[in-house]
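In: 3D, please:
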Amino acid sequence: MIEKSLSIFSIDKSMLSLKEIYTRVEFNPSTTYRILQTLADYGYVVRTVDKNYCIGTQVFIFKNVNHLIQIRAIVDGIRDAFCDEMASFFY
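Out: Modelled structure (predicted):
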C-alpha cells in the first residue's frame with residue numbers, strides 16, 4: 001500500500017484529496033483514511049490545512065542519516081510556512 005499510495009502523487013498533481021486517493025488506490029474511504037493517518041504519523045505524507053495530502057519529507061532516503069536529521073526540521077518549517085506548497089530536499 002505504501003508504494004501504491006505514494007506513487008499516485010506527481011509533479012502535476014502533488015496534492016490530492018482523500019477522495020482522489022481512495023479512487024486511485026481502489027480502497028474504501030475509511031481504510032484509505034486510516035492508512036493515510038499512519039503514513040502521516042511516520043512523515044511519509046502530510047495533511048494540509050485544506051485537508052489535502054502531499055508527500056512528506058520522510059520519503060527521501062539519504063545515504064547518511066545525519067543529513068536527514070539536520071535538514072528535516074528546515075524542510076518541514078518551509079513546508080509549514082507555505083501550506084499551499086510542497087517542500088523537498090534532493091541529495
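In: which parts of this structure are helices?
Out: Using DSSP state H, the helices of the chain run over residues 2-6, 18-25, 29-41, 65-81.
In: in the third one, what counts as buried?
Out: If you call a residue buried by 16 or more other C-beta atoms under 10 Å, then helix 29-41 has these buried ones: 32, 35-36, 39. Every residue, glycine included, has its C-beta placed from N, CA and C.
In: likewise the second one?
Out: Residues of helix 18-25 classed as buried under the neighbour-count rule (16+ other C-beta under 10 Å) are 21-22, 24-25.
In: lowest average confidence, helix or strand, in the protein?
Out: helix 2-6 (a mean of 58; mean pLDDT, DSSP states H and E).
In: circling back: mean pLDDT lowest where, among the helices of the chain?
Out: When the helices of the chain are compared on mean pLDDT, helix 2-6 scores lowest, with a mean of 58.
In: could you check how far Gln58 is from Asp76?
Out: In this view, Gln58 and Asp76 are 10 Å apart by C-beta to C-beta, to the nearest Å.
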